[in-house]
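Participant: Quick one: sequence plus predicted model below, questions after.
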Amino acid sequence: MARANHRSNNRRNGAGRTGPAGTGIVRTGVDKEAIQQAVVTILRAIGESPEREGLVETPRRIADMYEELFRGMHEDPTELLTTGFEEEKHKEMVIVKDIPFASLCEHHLMPFHGAAHVGYIPQGRIVGISKIARVVETLARRPQVQERLTSQIADLLMDGLRARGAAVIIEATHLCMTIRGVKKPGSRVVTSATRGIFRENPSTRAEFLSLVKPSGR
Ligand SMILES: [Zn+2]
């Protein structure tokens, strides 16, 4: 019970990065204390001594890193689109190309990273370009699979902006494919999702593809 109280107190005051001593609960909702203990367990399990000089700070570093990499778990990307503005005149395609992102695959918790190309056709409502990039980042900062990340971005644009259509292409390299298992360095995975008019109208889709086509490759 005491622990539950600590959590709610910490939520309420909302200040500072760390919770009350010993709880390890932070505002981001990531339990860093539990992550540190888990890393110590893994180090022991592989035959290492977590007390060794080079490893002493490793559990803390990994906890800090996971807090950053999984920040999107506790953020709602739909909020990013509420800052959109009404713009009746612009009904043409908007494309944001080459949005860099990094995520962790949920099967191995290993990084996959690359670029997202995002397009939509507004229907009276547009959003700042930087918000599109933040949508990608927020959804990437969770345990993910590339296919789901791709559709989630497209669905969010459709719902959040009431767009006429949305299209997303993601190209990424998966470390779990390039350094282990099938070991195919350099291979990239390409996924795409189309919604609304991009799905219904082949020429709209073709326009999008021609505009995001990588230059000079
Ligand atoms: Zn994987």
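Facilitator: Structure received. Numbering: from 1, shown residues only.

Participant: residues of the helix or strand that contains residue 63 that come out buried?
Facilitator: For residue 63, the element it lies in under DSSP states H and E is helix 58-69. Across helix 58-69, burial judged by 16 or more other Cβ atoms under 10 Å covers 58-59, 62-64, 66-67, 69. No exception for glycine: its C-beta is placed from N, CA and C like everyone else's.

Participant: and the ion, which of those contact it?
Facilitator: Near the ion, taking Cβ under 5 Å from the ion as the test, no member of these is found.

Participant: Out of the residues you listed, which is nearest to the ion?
Facilitator: residue 69 (14.3 Å; Cβ to the ion).

Participant: Run through the residues of the chain sitting next to the ion.
Facilitator: Residues of the chain lying close to the ion (Cβ under 5 Å from the ion) are 105, 107-108, 176.

Participant: Among those, which ones are in strands?
Facilitator: Judged by DSSP state E, strands contain the following of the residues of the chain next to the ion: residue 105.

Participant: Using CSV, write out every CA atom in whichever helix or strand comes after the helix holding residue 63.
Facilitator: The helix or strand immediately downstream of helix 58-69 is helix 78-81, counting by DSSP H and E. Listed next in CSV are the C-alpha coordinates belonging to helix 78-81 (Å, rounded to 0.1, in the frame of the first residue of the first chain):
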residue,chain,number,x,y,z
THR,A,78,-2.9,12.0,-30.6
GLU,A,79,-2.2,15.0,-28.4
LEU,A,80,0.4,16.1,-30.9
LEU,A,81,-2.2,16.5,-33.5
